[in-house]
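Undergrad: Need the 3D shape of this:
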Amino acid sequence: MSLIKNPLIIALDVDTIEEASVLVDKLSPYAGAFKVGMQLYNYEGPEVIRILKEKNVAIFIDLKLHDIPNTVAGAARVLTRHGVSILNVHAAGGKTMMREAVKAARDEAAKTGIDCPLIVAVTVLTSIDQEVFNNEVGINGSIQERVVLWARMAREAGLDGVVASPHEIAAIRKACGNDFVIITPGVRPAGVIANDQKRIMTPGEAMRQGATYLVVGRPVTASPDPAQAARAILEEIK
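TA: The predicted structure is shown next:
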């Protein structure tokens, strides 16, 4: 049975288990899941997953796997064994890489008798705008066209969904259907500073567009009252 109890995923963008534990203790009544990214995982290692799982919370391990198919499959197998609820790979790694990640995770889940995590593909980061996408990343066409192409590719490879900005949700829904998971970062409550995010929406707007889950970090974790900030988002999206 999934531990993810509502659409709000809180990003634990901190260095240490101690800092993460403080946030989880404050926010677990309101968060559907907690995202462990490269900052926390690269400092603490897999121990952070074990300790947070002892708090009976769902974990989205956000390592954006992107390598040759055999390497990504091995990493997906190990992360599945740790009992995470969501893991991600880069769509830019190609269909074979994504397909091998799904196969490895499902094989490992069946062998160990644990739930298989949702496996999603990262499309275009929410910190990238159209100019950077074309002139620095060097990909022609619109961001939306590329995101939809990668979402279709992820679905064909057997993935459960994608990570995409709220600006591409409607197009992904049209291309991939209502059962396809869309995890949306770049979410900022009205009046909150955008930081380094370029393609953003408010939580309510993103959910109305069709997001499955929202990833929110600094607007909650850097708030003077993180619990109240999380409650306000849940109130906005209910």
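Undergrad: can you tell me which strand in this protein is longest?
TA: In the chain, assigned by DSSP state E, the strand with the most residues is strand 59-65.
Undergrad: Going by contacts, tell me the helices and strands next to the following helix or strand past that one.
TA: For strand 59-65, the following helix or strand on the C-terminal side (DSSP states H and E) is helix 69-81. Under the contact criterion of 3 or more Cβ pairs under 8 Å, 6 or more residues apart in numbering; DSSP states H and E, helix 69-81 touches strand 59-65, strand 86-90, helix 95-112. Any C-beta I mention is one placed from the backbone N, CA and C, and that applies to glycine too.
Undergrad: ok, now with 6 Å
TA: strand 59-65, helix 95-112 (3 or more Cβ pairs under 6 Å, 6 or more residues apart in numbering; DSSP states H and E).
Undergrad: highest average neighbour count across these?
TA: Mean neighbour count (mean count of other Cβ atoms under 10 Å) peaks for strand 59-65 among the helices and strands packed on helix 69-81, with a mean of 23.
Undergrad: So which residues make contact with it?
TA: 9, 33-37, 49, 52, 72, 75, 79, 84-90, 122 (Cβ atoms under 6 Å, 6 or more residues apart in numbering).
Undergrad: So which residues of this protein form strands?
TA: Remark: strands assigned in the chain by DSSP E are 8-11, 33-36, 59-65, 86-90, 118-122, 161-163, 181-184, 213-216.
Undergrad: So which of those strands is the most surrounded?
TA: By mean count of other Cβ under 10 Å, the strands of the chain have strand 161-163 as the most buried, with a mean of 27.
Undergrad: Now do it: distance to the chain's middle.
TA: 7 Å (Cα atoms, centre = their mean, to the nearest Å).
Undergrad: same deal with stretch 215-228?
TA: Per Cα atoms, centre = their mean, the centroid offset for stretch 215-228 relative to its chain is 17 Å.
Undergrad: Check stretch 176-185 too.
TA: That offset, for stretch 176-185, works out to 11 Å (Cα atoms, centre = their mean).
Undergrad: which residues touch it?
TA: 118, 120, 126, 151, 155, 160-161, 163, 166, 169, 172, 206, 211-215.
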